[in-house]
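> the following block contains a protein sequence and its predicted model.
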Amino acid sequence: MEHERDEEGDDSDAEGREGGERCDGERDARPGSEGDAGDAIPDDEREALETIAHGAVLTSGGVAGQRALIAATEFALTRGLGPTAYGVYALAWRIAQLLSRLVTFGSVPAIQRYLPEYGADPDRQGAVAGLAYATTLGFGLAIAAGVWLAAPVINARTVTEPAFAGTMRAFGGLVGLLGVVMVASALFRAVGSARGEILFNKLLRPGVRLVGAVGALALGYSVVGVAGAIVAATGVLAAAAVPLSASVTGVRPTLRGARAEARRFYDHAAPVAMSSLGKVFQNRVDVLLVGALLTATAAGVYNVVLVVIAVAWIPLLSFNQLLPPVASELYANDRTATLNAVYGSVTRQIVTAVVPILAVLAVYGREILGLFGEAYVDGYLPLVVYLGGVFVGSAVGATGWLLMMTDHQYARMALDWLLAVLNVGLTYAFVVRYGLVGAALGTSLAIAVQNGIQVVLLRHFEGLWPFDRTFLTPLAAGGVAAAVMYGVRAALAGPAAVLAGSAVGLAAYAASLRLIGVDPRDRFVARRLARRYRTALAERFDR
C-alpha cells in the first residue's frame, strides 16, 4: 500500500498476464529443499529478492527505532502536557503531518522513478534533484503562509483552545523543513542506499523531535513552546541533510538543465501530488473530523491509537524500502514475469511478518494503550477496528508503488479522488454516530477498498497478481499464536501478560510455520541473508 503511476497498451498487458501465469505455475512446482529452490529461481529474481529482503532487514531496524522514538515522544508529551493540552498538540501535529504529504508535490516518487533510469547521466540526475528541492521549498513557503492565516479559523471550527493557533502556526513552518528532509532521504533511497534513508528519515527526523519536545518540557514551556522547539530542531536537521545527501549519493542538485527535465518530471509528479491530496481525504480525514466533531481529549486519544498502530505498518514499510527502484528497473527492462514473481514473494513475506504483530496488538491492545495513561484505554476498540485496515493494506503488498513504477499514475489519481469523496461522507457519518470507533472504521474501509481496487488494476494493466495458496500458511499460524496469547492473558494480567504472552505467542507462531511448511523461496532468501550476515560478522571480528 503506497502510491505511483500509468503505462502501456494491450500488447504489454497480454505479455504481463502470461508472465504472471507462468510465475504462478512455477511457484506451485517449486521443490522443497533450499538447494533445489535456489536452483529453480532465475538469477535476476534471486538478486531482486535478496536486494529487497536485505533492504527490509536494514529498514525494519530503522523503522522499529523510528517507532520507538515516536512512542517515546508521545509518552513524554502525554505525561508532560496532560490530556487537553496534548490533544491540542496532537491535532496540530497531525495536520502538519498531512500537509507534509503534499509539500513535495510528488517529488519523492518522481525521484524514485527517474534517478535509477538516469544512472549513467549525473547531469540529468542533478536536474531531477534540483527540481525536487525547488518544488518542495516553494510549496513549503506557500503552506506556511496559508497555515498562518488559517490557524485561527481552524481553531474556531475544531478544539477552540487558546493555545491551538500558536501551535498550528509554528507547525506551519515545520512542513517545508520536513519536505526538505524527505527529498534528501529519497535521494539515498533512489540510489539503493537503505542506510542513508533510514538514518535521516527514520531515525534523525523523529530523534530531533524527541530532543526538541523533551528539552522544551524540561524548561517548562507550554504546548506552543514545545512546537517551536521541534521546528528549530528540525531546521538544523534539514540544513545538514542537503549537503550530506549530495556528498554521499553523488547526486548534486542543480537547476541547470532543469527546464529540459521539467515536463517529464511534473508529468509524473503532478498526478502523484493530486493523488496524495486525494489520499489525505481518503484515509486521513479521520484526524480532521475527530478534531472538528469531538473534543481535544478525544483527538489526543486517537493520536495515541495512531502511534500504536504505526508499529503494525513496519513490515510493509520495510519491504517497500528498496522495492520501488527494483520494480522500476525490472519494468524498464520488460521483465514483467520476474516482477510478478518478486511481487508475490515479497507480499507473502510481508504477510508473514505482520500477522504476529496484529495478533499482539489485538490481544494486548488495552494494556499497551494504558501505558500512556488511563484516559487512553478508551482507544482500544478503535485500535482493533483499525487493525483490519492494516491487515488488508499489508496483505496486498506494494500496490501503490507498483502502479507508480509501472507508469499508471493517472489511474491511481482518479481512484484516489473517487474514494476520497466517498470516504469523507462515510467517515463523517461514522464519526457522528460512533465517535472514535467511527473514525477508525472509515479509515479502515478506505484502506481496504483502495487496496482491493489497486490489486485489480495491477492485474488488468500489467498482469501482476501476488496471491496463491502459500498465503494461507501465515494466516493459520497467526490463528494458533492468537489463541496461545489469549490463554496467557487469562492467566496473567498487566505488563507481565504482554511480555510473557507476546514471547510465547511468537514462539507458537514460529513453530506453527515450521510445522505447516515455509515456502521454498522464503526459506532460500532467509538462508542467503543469514549466511550473508554471518560472513559479515565473521569478517568484522577477524579484523
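Perfect, I can see it now. Computed from a predicted model, the values in this text were never measured in an experiment.
> element containing the most centrally placed residue in the chain?
Centroid-nearest residue in the chain, with CA atoms, centre = their mean: Leu317, separated by 4.5 Å. Applying DSSP states H and E as the criterion places Leu317 in helix 314-319.
> ok, now Tyr302?
Under the criterion of DSSP H and E, Tyr302 resides in helix 296-309.
> helix or strand next in line after the host helix or strand of Arg263, which one?
Here Arg263, judged by DSSP H and E, is contained in helix 258-283. Using DSSP H and E, the helix or strand that follows helix 258-283 in sequence is helix 285-293.
> what's in contact with that following helix?
For helix 285-293, the external contacting residues (CB atoms under 8 Å, 6 or more residues apart in numbering) are 91, 94-95, 98, 157-159, 298-299, 302-303, 306, 420, 423-424, 427-428, 431-432, 436, 439-440, 442-443. The way it works is simple: take the backbone N, C-alpha and C, and place the C-beta from them, glycine included.
> Glu211 and Ala233 touch, don't they?
You called it Glu, but residue 211 is Val. Yes: between Val211 and Ala233 there is a contact under CB atoms under 8 Å: 5.7 Å.
> quick one: least confident helix or strand in this protein?
helix 10-28 (a mean of 34; mean pLDDT, DSSP states H and E).
> hang on, the earlier thing: between Val211 and Ala233, which has more neighbouring residues?
Ala233 (22 against 16; other CB atoms under 10 Å).
> find me the pLDDT at Val355, would you?
If you check Val355, the pLDDT there is 96.
> please, which helix or strand holds it?
Going by DSSP H and E, Val355 is part of helix 336-370.
> distance from the chain centre to the helix holding Leu317, please.
Centroid separation between helix 314-319 and its chain, computed with CA atoms, centre = their mean, to the nearest Å, is 7 Å.
> which strands or helices does the helix or strand following that helix pack on?
Downstream of helix 314-319, the next assigned helix or strand under DSSP H and E is helix 323-332. Contacting helix 323-332 under the criterion 3 or more CB pairs under 8 Å, 6 or more residues apart in numbering; DSSP states H and E are the following elements: helix 43-81, helix 107-114, helix 164-190, helix 336-370, helix 399-405.
> give the buried residues for stretch 425-441.
Under the neighbour-count criterion of 16 or more other CB atoms under 10 Å, stretch 425-441 has 426-428, 430-431, 434-441 buried.
> now do that stretch: distance from first to last residue.
End-to-end distance of stretch 425-441: 13 Å, with CA to CA, to the nearest Å as the criterion.
> quick one: mean pLDDT over it.
89.
> point out where the chain drops to low pLDDT.
1-39, 192-194, 279-284, 540-543 (pLDDT under 70).
> repeat that for 50
Across the chain, residues meeting the criterion (pLDDT under 50) sit at 1-37.
> before we move on, what SS does Val424 have?
Under DSSP: H, G, I helix; E, B strand; the rest coil, Val424 falls in the helix class.
> burial count for it?
17.
> what about it, distance to Lys202?
As judged by CB to CB, to the nearest Å, Val424 and Lys202 stand 31 Å apart.
> ditto for Leu506
Distance from Leu506 to Lys202, by CB to CB: 23 Å.
> before we move on, what about Ser345?
24 Å.
> contacts only, for the residue nearest to the centre of the chain.
By CB under 8 Å, 6+ apart, the contact list for Leu317 reads 59, 63.
> isn't Thr470 right up against Gln349?
No: here Thr470 does not reach Gln349: they are 10.6 Å apart, not a contact under CB under 8 Å.
> what residues are shared contacts of those two?
By CB under 8 Å, 6+ apart, no residue touches both Thr470 and Gln349.
> what about Pro466, which SS state?
coil.
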